[in-house]
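Novice: Predicted model and sequence below, questions to follow.
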Amino acid sequence: MQQDSNRAQDNSSTAQQPPMLGGPGRGARGFGGPGRGPVEKPKNLTGTVKRLWQYFGKERKLLSIIFVSILVDSALTLSAPYLIGRSIDAMSTRNGQVDFGLLGITITVLLVAYLSDGLLTLFQGWTMAGVSQRIVKSIRRALFEKLQKLPIAFFDTRTHGELMSRFSNDIDNVSNTISQATTQLMSGVIVIIGSLVMMIILSPILTLASLITVPLVFLLTRTIAKRTSILFKNQQMQLGKLNGHIEESISGIEVVKAFNHEQKAIEEFEGVNRVLCQVGLKAQIWSGFLMPIMNVINNLGFAMVAIVGGILAVKSLITVGIIASFLSYSRQFVRPLNDLANIFNILQSGVAGAERVFEVMDEQEEPADLPHAIPLENPQGHVVFDDVSFGYRPDVPILKQISFESIKGSSTALVGPTGAGKTTIVNLLTRFYDISSGKIEIDGRDIREYTRDSLRRCFGIVLQDTYLFSGTIKENIKYGNPDASEAEVEMAARMANADVFIKRLPRQYDTLLSENGGNLSQGQRQLLAIARVILSKPALLILDEATSSIDTRTELHIQDALLNIMDGRTSFIIAHRLNTIREADTIMVIDHGAIVESGNHDRLLEQQGVYYSMFNNQFKNLQSQWDEDQLGIV
Amino acid sequence: MQFLTKYIQKYWKLFCLAVVFLMFEAMCDLMQPTIMSQVIDVGVANKNLAFVLKMGGWMLLITGLGAISASTRNIVSSIVSQNFGAQLRSDLFSKIQTLSFKNIDKFERASLVTRLTNDVTQFQMFVNGLMRIFVKAPLLCIGGLIMATRLNAQLAVTLALVVPIVGVLIAINMRIGFPFFIRVQRALDGVNGVMREYLSGVRVVKAFNRFDYETARFNQVNEEYRTKATGANRLMSVFSPTIMLTMNFGIVAVLWIGGVRVNQGQMQVGHVIAFINYMTQILFSLMTISMVFNMFVRAKASLGRIGEVFSEQNDMHWDGQAQFPDKMKGRIDFQNVSFSYEGAAGEPVLKNISFTCLPGETIGIIGSTGSGKSSLVSLIPRFYDVSSGKILVDGEDIRTLDPKLVREKIAIVPQKTTLFTGTVEENLRWGKEDATLEEIGQSLRMAQAHEFISTSPEGYQTRIGQGGVNFSGGQKQRLSIARALVRRPEILILDDSTSAVDAATEARIKQSLKKYAQGLTCLLIAQRISSIMDADKIIVLDNGEVVGIGKHQQLIKTCQVYQEIFQSQVGKEVQHAARF
């Protein structure tokens, strides 16, 4: 965290450092020491950059113009110290008189150079802002469109936080790289080469004198960077540990307090905190050494030039103006050299960010519809599972050779312990996942031979976790059928027993729901989800633990609504509570991926098998009590 | 910002020391252009090589001193900022731990975490910056101005023109730029919002085939973000060259005026060079100052968020001396208790609740979601204080007692199971630090958790991942019950804590509780009537009111709500079953 913001800060400080045109000033470098953290290395630099280049698309023309402008700009930047030197020379002529002709010309040229530099920088910044944001937008859009094509399995195996961070942090890194690092890198390289060339032209001897310090700079950066990168990595690790502890003890604060554990939590916290403090201290001190030592080395070079230059000037081998220009160039030569390391870090983390984005782009999509796939129209709802096997991972089979048939308009209940494979059956039916072997048919045709869109449109699914979107109640109900009329919406809400509570809300159907309907009760959200399904008029209905997080009295209300929509539709019901499925035409008991029993409620009880004992376990007490009560009442 | 006083008192000396070194460092920086001008004007112009060497040596010496000073300052400032940050974080954490839930509820949990992590770090960095660049930049700026004026007062006229213009430009930049960046942030939140919704609702999106709609929504926020970000960046791209250009014009002016002065013999060439150097230095320090302001705005916001937590006052009071009378163990009385959450509008959550729970009794509490069951039990360990009425535990009004004392008697198993990273044994020791292995084993057995723990290869040393990810819901609940039992409490509260445990296991847990923990007062919140029907007393809650108290047989006849719940759970089965 710390090192990140340090980097951001460095980043902004480099961003705010326009090319320095003045004399041998100390520059802003002395102020903000870089806290260089461990840099993430991209795995395949050239490959990723090439790929990124494709997203530049029609921006390439503009980018080339920007590049040319940087080239011209850098040349201008390079000319400034020379011009200043010439002006100084104009002032220090032999006879003590200022050569105003020369001074006038150089100053005019300098003025023009500065003005063009300002305009070019403005042009670059202005255009680059547009270009980079457009590129980033198209990457973001491509990523989102990719998400639409990814199978559910992708979302099931990744945390939302991780995907979110690809959308924000990683793409931001890419944008920073494009807009800042590339331009700075270009101008930096040009300035370094240009300065070197100018230095050699001005005085090869002085060049040699000032270059003596370069190996020192490299050596120093290497040594310190090596040490600090380990320290920063360690700091990051401790920080992660501390954050974990904070997360845990804040979200579990009820338990902490209930057990009078506050003191212990504080002590533990302080332990981790202390370690973090020590590690952070070391990292900060070490990285802080870099700048002062660098200054000494730079000034060493400076002094070398002054001394050697002085000697040469004394012997009249060069002019004072040349020394002045030379000093500027040697500054300009060293400054981007220091910055380049920093820029390279930004560049690397940008490319690493792009790599993580491309990783998602490379994920396998839901397989395309078969070439001869036809849309499923006017479905009847005749479902057949024929010898279906499936595992989320090839080595762990979840369903083993499942076969059953649900005729049009019938209801099938799936019961069994958690992990038995009930939800998996639903996932296969809707093609959220594709089966490993066997065949699933709807209306006598393999579901893989229908287009996926048309297949899913036939299903209405009510899940345990109802997901509502931010928006009004009306928008949420219309989610599955955006063209529905107002009357239809209200009709659906009535059928779902939802209209009673909606009418009691101050803004009724226009009530805004916060994210995931936080302002409604669980039961109310479930009723809205049911209304949403009713309005989408599905041919087949799936209720996956639709009522299990609701108390039993509220469930009674919902059950009426559910019976309403199940009428005439082929439906599949997964339930934990057995009383919710007793009306089903067929009850299938699933265990360890196989159907162990099947039949209606009465028949299964008669069989006295698994279902019978499950039922007894849930109702034994109540039943005997009921008997007593009946006797008591009678 | 009163809470800062403590830290200021502790660190101001070291802080000042760092600033002193910083000033020395700045002075060294400021002296260099002057020395440089000496080298050229005196040494080179007079062809005095000895002087050049002498001055070169001085320059190196001063740089060296500056570097030593900077390194020392770096060590001091690192010590101050790191220790300060660590202590602030630690104090904040302790503060949160000691606040009552009434205080804590005012903040989102996630926001408390951010305050402890991001905000503290943000402010710590600001403090470090104060000792590194923030003080140095104004020093360099003022010092540069003084040195430049001393060097040549006539040239300084250009500075008097250029510096105010640059200052105004920077001020305008910030004034206009800040709202721009707020808008960018808001647009980014929009992108993240759509994204988060999409990820959470991906099944629904897929089930309803609403890709086009989602894409359109995303494109809209994406475009919005692009426009805002481009605007903000363009704004910045206008200001930076403008400032640069102003300064460069100043340099040109200095060259021209310098030329005129040198011609009149009033000035030496070296002064012109030195002056230009000072100008660049001033420019960069001005730029840094503008950065400092940005940092300051951010740090201020963080400080405000930290201060909010520190300013929370725990308004739970108690008599430090009060103790529980020895005579009673495990009795609870509710007398006309009403309760509402702070800031919640509308009807109170609990209305006029009165009941008594005798030592050793088992009380069942049942009612629809939102009827106030969990709120009721959270009052007993003094998580919240009643709005009116009185709660007595063992005959004492709990408002006169230190919550710690009350909580010692009570073990609560909350609805949401929370286990902590560590081993099973460590988690169980939360209940009682010095519990013997035997006690732990017995508690696990009573909670029906011994079997799956002892059969796992590491036994009691099995590690629990964060939030207990490696255990099933039912297993976590049983561990959490065992943790409560280790404590050997007088009062045990189970808040729907067997919902993921199957009926047979649940029955066994209840049996062993009865057998081993005699005299234990037990409050059971349950969804299933079968879980509580054999309780000594059942309290039926509806809309925050008690609508029935009594045994199952009584309630089934007299209490309508209870009958409805019963019907909803058995209803037809029993009639079905009755046929067999």
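Specialist: Cool, got the structure.
Novice: Tell me how far A:Lys282 lies from chain B.
Specialist: In this view, A:Lys282 and chain B are 9 Å apart by CB to the nearest CB, to the nearest Å. The way it works is simple: take the backbone N, C-alpha and C, and place the C-beta from them, glycine included.
Novice: Could you look up the SS state of the residue in the stretch 401-550 of chain A positioned nearest to chain B?
Specialist: Chain B sits closest to A:Tyr467 of the stretch 401-550 of chain A, with a gap of 3.8 Å, by CB to the nearest CB. Here A:Tyr467 takes the coil state, with states given by DSSP: H, G, I helix; E, B strand; the rest coil.
Novice: show me the residues around A:Pro151 that make contact.
Specialist: By CB atoms under 8 Å, 6 or more residues apart in numbering or on different chains, the contact list for A:Pro151 reads A:Gln364, A:Glu365, A:Glu366, A:Phe432, A:Tyr433.
Novice: Check these one by one and keep those near chain B.
Specialist: Subset of the contacts of A:Pro151 in contact with chain B: A:Phe432, counting by CB under 8 Å from any CB of the partner chain.
Novice: Excluding chain neighbours, what is closest to the residue of the stretch 401-550 of chain A closest to chain B?
Specialist: What sits nearest to A:Tyr467 in space, not counting adjacent residues and going by CB to CB, 6 or more residues apart in numbering or on different chains, is B:Gly201, at 3.8 Å.
Novice: Quick check, the one you found in contact with A:Leu463.
Specialist: No: using CB atoms under 8 Å, B:Gly201 makes no contact with A:Leu463, being 10.1 Å away.
Novice: got a pLDDT number for the residue nearest to A:Tyr467?
Specialist: As predicted, B:Gly201 sits at a pLDDT of 71.
Novice: For A:Tyr450, see how far away it is.
Specialist: From B:Gly201 across to A:Tyr450, the span is 24 Å (CB to CB, to the nearest Å).
Novice: how about stretch A:370-387 against chain B, any contact?
Specialist: No: Stretch A:370-387 is not in contact with chain B by CB under 8 Å from any CB; minimum separation 12.0 Å.
Novice: And that stretch, what's buried?
Specialist: A:Ala373, A:Leu376, A:Pro379, A:Gly381, A:His382, A:Val383, A:Val384, A:Phe385 (16 or more other CB atoms under 10 Å in any protein chain shown).
Novice: same question, stretch B:446-466
Specialist: Applying 16+ other CB under 10 Å to stretch B:446-466 flags B:Met446, B:Ala447, B:Gln448, B:Ala449, B:His450, B:Phe452, B:Ile453, B:Tyr460, B:Thr462, B:Ile464 as buried.
Novice: Identify the residues contacting the third one.
Specialist: It stands for B:Gln448. Counting by CB under 8 Å, 6+ apart, B:Gln448 has contacts B:Arg478, B:Val501, B:Thr505, B:Arg508, B:Ile509, B:Ser512.
Novice: who's in contact with B:Ala500?
Specialist: Contacts of B:Ala500 (CB under 8 Å, 6+ apart): B:Ser472, B:Gly473, B:Gly474, B:Lys476, B:Gln477.
Novice: Report the distance from the one helix or strand the fourth one maps to to the chain centre.
Specialist: In this case it means B:Lys476. Using DSSP states H and E, B:Lys476 sits in helix B:473-486. In terms of CA atoms, centre = their mean, to the nearest Å, the centre of helix B:473-486 is set 28 Å apart from its chain centre.
Novice: so what does the very next helix or strand once past it touch, helix or strand wise?
Specialist: Sequence order places strand B:491-495 as the next helix or strand after helix B:473-486, per DSSP H and E. Applying 3 or more CB pairs under 8 Å, 6 or more residues apart in numbering or on different chains; DSSP states H and E, we find strand B:491-495 packed against helix B:373-379, strand B:410-413, helix B:473-486, strand B:521-525.
Novice: closest one to chain A among the ones you listed?
Specialist: strand B:410-413 (4.7 Å).
Novice: after the closest one comes which helix or strand?
Specialist: Counting by DSSP H and E, what follows strand B:410-413 is strand B:422-423.
Novice: export the helices and strands packed on strand B:491-495 to CSV and tack on mean pLDDT and distance to A:Lys503?
Specialist: Compiled in CSV, those are given as follows (pLDDT from 0 to 100; distance: least, CB to CB, whole Å):
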stretch, mean pLDDT, distance to A:Lys503
helix B:373-379, 85, 28
strand B:410-413, 85, 39
helix B:473-486, 84, 37
strand B:521-525, 87, 31
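Novice: mind checking which of those is nearest B:Arg186?
Specialist: helix B:373-379 (36.0 Å; CB to CB).
Novice: follow-up on the earlier one: just read off the phi/psi values of the residue nearest to A:Tyr467.
Specialist: When read as degrees, to the nearest 10, the backbone of B:Gly201 gives phi -110, psi 20.
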